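In: I'll drop the sequence and a predicted model, then ask my questions.
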Amino acid sequence: MSQNKPIILLDRDGVINQDSAAYVKSVEEWQPIPGSIKSIAALSKAGFKIFVVTNQSGIARGYYNEDTLKAMHDKMIALVEKEGGVISGIEYCPHGPDDNCQCRKPKSGMIESIERQLGVNFETYPAIMVGDSLRDLEAGQARGCTPVLVLTGKGRTTQSKEIDFPFSIYTDLSAFAVSVLHNHS
């Protein structure tokens, strides 16, 4: 891994694809936010490793199963690959908010799993956590990632919250990608 290129961790719903208060429950409902797929591919082609880190409590709630989730992720991967990019890995938490697991954001278990896979520590190796909710930013912050808020999904609501650590804000994943590509070229 190139020391000068940070690992990029992306939340899924509201960052890569359209979010829904009723949950994204099927492959048909999984619709990319305009520009997100091309942005992931562009970052990947520029040498960045991209991981998706997503809470999927709809599984625990019985709204969909892990096979449906896999089909949604297969669709996302195929769209990115069609644009010439690669998603290096996907971590998801299938638990509900009351399951007291270690993976559900704002806890950092999924990020720690990526650190183990890569053999790095994000407190010393650069990583960026891109999300649309406070819990995304908190999970990244807990592991030393640079937190980034996008204003898609729940981002505009999150922007108005009191957050006691610094973070950058971008209108969407495309704007974030343009900035990263410019600053790390």
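Out: Received it, and whenever you're ready, just let me know what you need.
In: Is it correct that residue 68 falls within a strand?
Out: No. Checked against DSSP: H, G, I helix; E, B strand; the rest coil, residue 68 lies outside a strand; its state is helix.
In: three-state assignment of the nearest residue to it once chain neighbours are set aside?
Out: Nearest non-adjacent residue to residue 68, counting by C-beta to C-beta, 6 or more residues apart in numbering: residue 26, 6.4 Å away. Heads up, the C-betas are built off the backbone N, CA and C, glycines and all. Following three-state DSSP, the label given to residue 26 is coil.
In: Residue 26 and residue 176, how far apart?
Out: To residue 176, residue 26 is 27 Å away according to C-beta to C-beta, to the nearest Å.
In: neighbour count winner among these two?
Out: Ranked by neighbour count (other C-beta atoms under 10 Å), residue 26 and residue 176 place residue 176 first, with 24 against 12.
In: residues in contact with that one?
Out: 39, 130, 148, 150, 170 (C-beta atoms under 8 Å, 6 or more residues apart in numbering).
In: do residue 103 as well
Out: 91, 93, 95, 109-110, 113.
In: one more time with 10 Å, if that's ok
Out: 53, 55, 91-95, 109-113, 139 (C-beta atoms under 10 Å, 6 or more residues apart in numbering).
In: Please apply the same query to residue 45.
Out: Going by C-beta under 10 Å, 6+ apart, the list of residues near residue 45 reads 83-86, 181.
In: what comes up buried for stretch 77-87?
Out: Within stretch 77-87, the residues scored as buried using 16 or more other C-beta atoms under 10 Å are 77, 79-80, 85-87.
In: Closest one to residue 64 out of the residues you listed, please.
Out: residue 77 (17.6 Å; C-beta to C-beta).
In: Thought residue 90 was touching that closest one, still the case?
Out: Yes. Here residue 77 reaches residue 90: they are 8.0 Å apart, a contact under C-beta atoms under 10 Å.
In: Return every residue with contacts to both of these two.
Out: residue 52.
In: Can you pull out the low-pLDDT segments for the protein?
Out: 1-3 (pLDDT under 70).
In: Please, where are all the helices along it?
Out: For the chain, applying DSSP state H gives helices covering 36-45, 66-82, 109-118, 134-142, 155-159, 173-183.
In: distance between the first one and the chain's centre?
Out: Using C-alpha atoms, centre = their mean, to the nearest Å, the distance from the centre of helix 36-45 to the centre of the chain it belongs to is 13 Å.
In: That concludes my questions; thank you for your assistance.
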